[in-house]
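S.K.: got a predicted model here, sequence first, then my questions.
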Number of protein chains: 2
Amino acid sequence: MATEQQTLAMGDPAPEAPRGKPMTIGAVCKALANEFPDISISKIRYLEDQKLLAPRRTPGGYRLYNQGDVARLRTILRLQRDEFLPLRVIRQELASGRAEGEVTPGAPAPDDGAQRPRRRPGLSEPGSGSVYSLEDVVDETRADPKLIQELQDHGVIAGEQRGGTIWYDDTEREIVRAVVELARYGVGGRNLRVFRTSADREAALLQQILAPSLRSRNPERRREAVDALENLATVTTHLKHLLLLRDLRKLVA
Amino acid sequence: MATEQQTLAMGDPAPEAPRGKPMTIGAVCKALANEFPDISISKIRYLEDQKLLAPRRTPGGYRLYNQGDVARLRTILRLQRDEFLPLRVIRQELASGRAEGEVTPGAPAPDDGAQRPRRRPGLSEPGSGSVYSLEDVVDETRADPKLIQELQDHGVIAGEQRGGTIWYDDTEREIVRAVVELARYGVGGRNLRVFRTSADREAALLQQILAPSLRSRNPERRREAVDALENLATVTTHLKHLLLLRDLRKLVA
DNA sequence: CGGCACCCTCAACCTTACGTTTAGGCGCAG
DNA sequence: CTGCGCCTAAACGTAAGGTTGAGGGTGCCG
């Protein structure tokens, strides 16, 4: 524990996170101290230095952690403590959205031995089915609302108008998250359109291949086709990633 | 690689392990060099120092490794490279009999625990680079050799000519695996070129963004850039997958 | 407005893990 | 009996993962 913590006021009756309001670094540290005894303020700052966190700031420079930030921090600490993953790898896992929620249903699918990319959101089961308001999304992804508007204008995300507000689903929230991450590296609007059109083209290709089955009136046949589609999506994604790696390796060498 | 190895005789036609007889440390090192390129004699000795190995000795003090020792060593290296486990933890796993030895006749494999997911090789991972002969690849992917030839003609995979044979790396093997899988659904040659060019374009884009840092003479700055590149690759892949899902969902609905 | 607890950055420092290098010296096969 | 390959021990190197301390600002309470 950092010395800095020793000076914390001890009279606080509620060490738990006050749900909903953003917390200062000391409060976060205190809230996680039970679950992760070797947390410290300096460590949290260090993790930020290593690009694993990026909390909002007050005008004066104080860090402010919302619930999403705290959840992310908890995930980081868990991966480090229980899975022994180096921070470099944790950074990747988080960036790819592979490690976020611990909502593990009872029956894990038995792996057939083939190497597959880790669990991503499925096709027929759109995550939790929850929806998010604009504020939710902004809060969780720290995206500039203008950016979200822009994405919507370009048709990258759509949202669903219902009762005056627009609601976004998990996938759209994740899209925003990814876009924010890319923006941090300077990948901006114009480039995103490239991704979008290539995704569109690819979707058309896959759909064309499975068109007959998808149009089938036979429900079982249709379900099979949806399954196949999902599988195809996974495999092509994997393939594209490999091709990209191959190219990049040549560039780096 | 250790300097010591540089002096090894190069005329040996069979780098494979002479099945059955105990080997000296140099022979072991040579036998594993393909699968684990960053092995070295000094490293093997170091692992012994850390109580991860305990080979027999000749009266004169030479280490002698039998097949079991080599299997154990292979397991250690795999856990280190693919699962990022620290040696301290590997020692425990081995001691508690949780060795994933596939080549251990007579040894029951009592799997009591959660199966750890295999991680994808990174961009510049220090040691993710085993190499495979054409036969290895065919054997593992069940691909038609003609298909591999075709991929090579189209520049999708390249291989590395060395000493008469062509060697493929992990990424190339996985590419073949993915292509085979896609072929099962009827996605063939012409479509693959689409993927390839889009990967090329994307690689160029990412490289352009990081070009200044990548050209940097400062090694630290360069390493950071490579890291960022890897991260970008992961995130864009994730983003593209999300976009694809979004499109497909519309098609299915 | 003053005080006090809390927060900020930046640079230096520390420990541990994971090896490599070097120096000096035997083992053993041809 | 020669020389390639192996041995030990200790010094050295490098990176990850933090901690510490100096010097100074914030924010809220009374």
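M.R.: Received it, and whenever you're ready, just let me know what you need.

S.K.: is any part of the helix or strand harbouring A:Ala31 close to DNA strand C?
M.R.: In the assignment (DSSP states H and E), A:Ala31 maps to helix A:25-32. Yes - judged by C-beta under 7 Å from any atom of the strand, helix A:25-32 comes into contact with DNA strand C at A:Ile25, A:Gly26, A:Ala27. (C-beta placed from N, C-alpha, C; glycine too.)

S.K.: list the helices and strands that helix packs on?
M.R.: When contacts are defined as 3 or more C-beta pairs under 8 Å, 6 or more residues apart in numbering or on different chains; DSSP states H and E, helix A:25-32 packs onto helix A:3-6, helix A:41-49, helix A:67-82.

S.K.: which bits of the stretch 51-200 of chain A sit near DNA strand C?
M.R.: A:Gly61, A:Tyr62, A:Arg63.

S.K.: tell me which of the residues you listed is nearest to DNA strand D?
M.R.: A:Tyr62 (5.0 Å; C-beta to the nearest atom of the strand).

S.K.: closest point of the stretch 151-253 of chain A to DNA strand D, which residue?
M.R.: A:Val252 (16.0 Å).

S.K.: quick one: which helix or strand includes the closest residue to that residue other than its chain neighbours?
M.R.: Using C-beta to C-beta, 6 or more residues apart in numbering or on different chains and skipping residues adjacent in sequence, the residue nearest A:Val252 is B:Val226, 5.7 Å away. Element membership for B:Val226 (DSSP H and E) is helix B:219-252.

S.K.: helix A:219-252 and that helix, what's the angle between them?
M.R.: 160 degrees (axes from the mean of the first three to the mean of the last three C-alpha atoms, to 10 degrees).

S.K.: of all the helices and strands packed on helix A:25-32, which one is nearest chain B?
M.R.: The minimum distance between chain B and the helices and strands packed on helix A:25-32 falls on helix A:67-82, with 10.1 Å, by C-beta to the nearest C-beta.

S.K.: anything in the closest one near chain B?
M.R.: No - Helix A:67-82 stays clear of chain B (C-beta under 8 Å from any C-beta of the partner chain), getting no nearer than 10.1 Å.

S.K.: what packs against the helix or strand immediately after that helix in the chain?
M.R.: Per DSSP H and E, the first helix or strand lying C-terminal to helix A:67-82 is helix A:87-95. Helices and strands touching helix A:87-95, by 3+ C-beta pairs under 8 Å, 6+ apart, are helix A:67-82, helix B:219-252.

S.K.: picking that back up, neighbour count and pLDDT added to the residues of helix A:25-32 next to DNA strand C, as JSON lines?
M.R.: Output for the residues of helix A:25-32 next to DNA strand C, formatted as JSON lines (neighbours: other C-beta atoms under 10 Å in any protein chain shown; pLDDT from 0 to 100):
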{"residue": "A:Ile25", "neighbour count": "18", "pLDDT": "97"}
{"residue": "A:Gly26", "neighbour count": "16", "pLDDT": "97"}
{"residue": "A:Ala27", "neighbour count": "19", "pLDDT": "96"}
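
S.K.: quick check, nearest of the residues you listed to DNA strand C?
M.R.: For the residues of helix A:25-32 next to DNA strand C, the nearest to DNA strand C is A:Gly26 (2.5 Å; C-beta to the nearest atom of the strand).

S.K.: the closest one reaches A:Ile41, doesn't it?
M.R.: Yes - using C-beta atoms under 8 Å, A:Gly26 makes contact with A:Ile41 at a distance of 6.5 Å.

S.K.: in terms of mean pLDDT, which of the helices and strands packed on helix A:25-32 ranks lowest?
M.R.: Among the helices and strands packed on helix A:25-32, helix A:3-6 carries the lowest mean pLDDT, a mean of 43.

S.K.: can you map out the strands along the stretch 101-250 of chain A?
M.R.: Using DSSP state E, counting those that start in this stretch, the strands of the stretch 101-250 of chain A run over A:131-132, A:160-162, A:165-169.

S.K.: quick check: phi and psi at A:Tyr65.
M.R.: phi -100, psi 120 (degrees, to the nearest 10).

S.K.: ok, it to A:Ala54 distance?
M.R.: Distance from A:Tyr65 to A:Ala54, counting by C-beta to C-beta, to the nearest Å: 10 Å.

S.K.: what residues are up against A:Asn66?
M.R.: A:Pro22, A:Pro55, A:Arg56, A:Asp139, A:Glu140 (C-beta atoms under 8 Å, 6 or more residues apart in numbering or on different chains).

S.K.: residues in contact with the third one?
M.R.: Put plainly, it is A:Arg56. By C-beta under 8 Å, 6+ apart, the neighbours of A:Arg56 are A:Pro22, A:Arg63, A:Leu64, A:Asn66, A:Arg142.

S.K.: which of the residues you listed tops the neighbour count?
M.R.: Among these, A:Arg63 has the most neighbours (other C-beta atoms under 10 Å in any protein chain shown), with 21 neighbours.

S.K.: bridge partners for it, pull those for me.
M.R.: Note on A:Arg63: beta-bridge partners by DSSP bridges are A:Arg57.

S.K.: any idea how far it is from A:Val180?
M.R.: Using C-beta to C-beta, A:Arg63 is found at 18 Å from A:Val180.

S.K.: also A:Val252?
M.R.: Between A:Val252 and A:Val180 the distance is 25 Å, computed by C-beta to C-beta.

S.K.: and if you look at A:Arg56?
M.R.: A:Arg56 is 13 Å from A:Val180, by C-beta to C-beta.

S.K.: A:Ser133 now?
M.R.: 17 Å.

S.K.: quick one, which of the two is more surrounded?
M.R.: Ranked by neighbour count (other C-beta under 10 Å), A:Ser133 and A:Val180 place A:Val180 first, with 17 against 13.

S.K.: what about the closest residue to A:Gln152 other than its chain neighbours, distance to A:Asp139?
M.R.: Once flanking residues are discounted, A:Gln152 sits nearest to A:Gly159: 6.5 Å by C-beta to C-beta, 6+ apart. Using C-beta to C-beta, one gets 16 Å for the distance from A:Gly159 to A:Asp139.

S.K.: same question for A:Leu210.
M.R.: According to C-beta to C-beta, A:Leu210 and A:Asp139 sit 38 Å apart.

S.K.: tell me which of the two has more neighbours.
M.R.: A:Leu210 (22 against 17).

S.K.: ramachandran angles for the residue of the stretch 101-250 of chain A found nearest DNA strand D?
M.R.: Using C-beta to the nearest atom of the strand, the closest approach of the stretch 101-250 of chain A to DNA strand D is made by A:Arg142 at 18.0 Å. Phi and psi for A:Arg142, reported as degrees, to the nearest 10, are phi 60, psi 30.

S.K.: low-confidence bits of chain A, can you list those?
M.R.: Chain A contains residues with pLDDT under 70 at A:1-20, A:100-129, A:253.

S.K.: ok, now with 50
M.R.: Low-confidence segments of chain A, defined by pLDDT under 50: A:1-18, A:102-119.

S.K.: so which bits of it are right by DNA strand D?
M.R.: So chain A meets DNA strand D at A:2-3, A:38, A:40, A:42-43, A:46-47, A:50, A:58-62, A:80, A:86-88 (C-beta under 7 Å from any atom of the strand).

S.K.: if we go to 6 Å?
M.R.: Chain A comes close to DNA strand D at residues A:2-3, A:40, A:42-43, A:46, A:58-60, A:62, A:80, A:86-88, as judged by C-beta under 6 Å from any atom of the strand.

S.K.: having no further points to raise, I will conclude here.
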